[in-house]
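In: Kindly return the folded structure for what I paste below:
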Amino acid sequence: MDLKLNYSNVTTKEDAYNAVKAAVTPEMLEKWQVKADISYNDFNVVAKGKGFELTIDFLDEYCEVKLTLSFLLKPLRKKIIAGIEKQFSRVI
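Out: All right, here's what the predicted structure looks like:
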C-alpha cells in the first residue's frame, strides 16, 4: 500500500467506489496525458498503462492505493502519489 485515504466526503465504501468510478474516467486520464485501460471490479479499480499500474481497493472506512511504476517512472513516484492524493481527496 502506497497511500491510505480515509473517507471524508462519503460515508460508505459503496459511496466511495461510485464516486471514484465516476471520477476516474478515460477523459480524466487524458487530462493528465496518460493512456490507460481501466477495469472496475467489486470495490476495486485497476488502471494499467505503459509503465504503471494503479490499484485502488475500497474498504469499510478508507481506501488503499497501490502504485507500481516502471524503472523510468520511479523518480516521479512522490509527485504522482501527491497528485493522486489531491484528486481523490476531493472526491472521497
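In: what's the helix or strand for Ile56?
Out: Here Ile56 sits within strand 52-58, counting by DSSP states H and E.
In: just checking, what packs against that strand?
Out: Using 3 or more CB pairs under 8 Å, 6 or more residues apart in numbering; DSSP states H and E, the elements in contact with strand 52-58 are helix 13-23, strand 44-49, strand 62-69. To be clear about C-beta, it is placed using only N, CA and C from the backbone, and glycine gets the same treatment.
In: Residues touching the very next helix or strand once past the longest one, excluding its own?
Out: As assigned by DSSP H and E, the chain's next helix or strand after helix 13-23 is helix 26-31. Counting by CB atoms under 8 Å, 6 or more residues apart in numbering, the neighbours of helix 26-31 from elsewhere in the structure are Lys35, Ala36, Ile38, Ala47, Gly49.
In: distance between the helix or strand just after helix 26-31 and the chain's centre?
Out: For helix 26-31, the succeeding helix or strand toward the C-terminus, using DSSP H and E, is strand 36-41. Computed by CA atoms, centre = their mean, to the nearest Å, the chain-centroid distance of strand 36-41 equals 11 Å.
In: Which other helices and strands does strand 36-41 contact?
Out: helix 26-31, strand 44-49.
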